[in-house]
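Student: I would like the atomic coordinates for the input below:
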Amino acid sequence: MLRALLREKFSLRHDDALLRMAQRNIEVGTIIDVGAAKGAWTKAARRHWPEAHAHLIEAKEDWRSSLTSFQQRTQRTTIEIAGVTDRPGEIFFPNDATSYGGAVFKEPAKRDNLERIKATSIDHEVERLCLAGPYAIKLDTHGTEVDILNGACNTLERTSFLCIETYNFIGQKRFPQLVLDMEGRGFRCADMAEPLLRPGDNMLWQVDFYFMRAEHPSFSHFGFLP
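Tutor: This is a model prediction of the structure:
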């Protein structure tokens, strides 16, 4: 009966994970959505923090019109078309990736399908736009999370929670190492959403983890039941 009750209460949709975050009395002044695409995650987050400013950053020029439209119909929203890494400048991005795919590269390396694009960092965007904390950060960045987090050191000091798409086969750090990396930055894993299996062999490909500050009161309770 207990397992059935837990299954009934627990959903792996982002909207439900965000609801659970909001129910923990987490405050958000600005949503920072990296790899925003058309803004779906920000739209879901805004249901729970409707007064928060939202800053959406996307590397692919393909999404500019969608994000501009999102900005025009949504108050307190800014957008930036740029790759995100540890510092402003330039970076390389696949020019033949699908609309939802691709990751930035610091160097062109041996790939011949990379184009040079503008680069920014989370700390730079927060300072440039005077974005107010506390912050909620979402990363859908296909394996370059460590560089992005290294460029958000100041912002992380006032970050309430993060949602990070983590990976089992690709990336600077696979999901077990990234969880430990986040603990070193002062955050612990609190929730998860939308695990994705690889077609063909049904191996775990990716999962979105939600991280809260390690000092949040929820982590001081060690029991399974309330």
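Student: beta partners of the closest residue to Gly102 other than its chain neighbours?
Tutor: Distance criterion Cβ to Cβ, 6 or more residues apart in numbering; nearest residue to Gly102, sequence neighbours excluded, is Pro94 at 4.4 Å. No exception for glycine: its C-beta is placed from N, CA and C like everyone else's. Following DSSP bridges, Pro94 is listed with bridge partners Leu114.
Student: quick one: Ala82 from Glu58, how far?
Tutor: Ala82 sits 8 Å away from Glu58, going by Cβ to Cβ, to the nearest Å.
Student: same question for Tyr135.
Tutor: When distance is defined by Cβ to Cβ, Tyr135 is 18 Å away from Glu58.
Student: again, but for Leu149
Tutor: Going from Leu149 to Glu58 by Cβ to Cβ gives 18 Å.
Student: same deal with Arg128?
Tutor: Distance from Arg128 to Glu58, counting by Cβ to Cβ: 16 Å.
Student: can you pick out the residue with more neighbours from the two?
Tutor: Glu58 (24 against 14; other Cβ atoms under 10 Å).
Student: pretty sure that one is touching Ile81, no?
Tutor: Yes. Using Cβ atoms under 8 Å, Glu58 is in contact with Ile81, at 6.0 Å.
Student: spit out the residues that contact these two alike.
Tutor: Common contacts of Glu58 and Ile81 (Cβ atoms under 8 Å, 6 or more residues apart in numbering): 64, 67.
Student: so where is this protein shaky, pLDDT-wise?
Tutor: 1-9, 96-101, 109-112 (pLDDT under 70).
Student: quick one: the helices in the chain, in order.
Tutor: 2-9, 14-22, 40-46, 64-72, 122-129, 145-150, 153-156, 175-184 (DSSP state H).
Student: looking at those helices, which is closest to Ile164?
Tutor: Of all the helices of the chain, helix 145-150 sits nearest to Ile164, with 5.9 Å by Cβ to Cβ.
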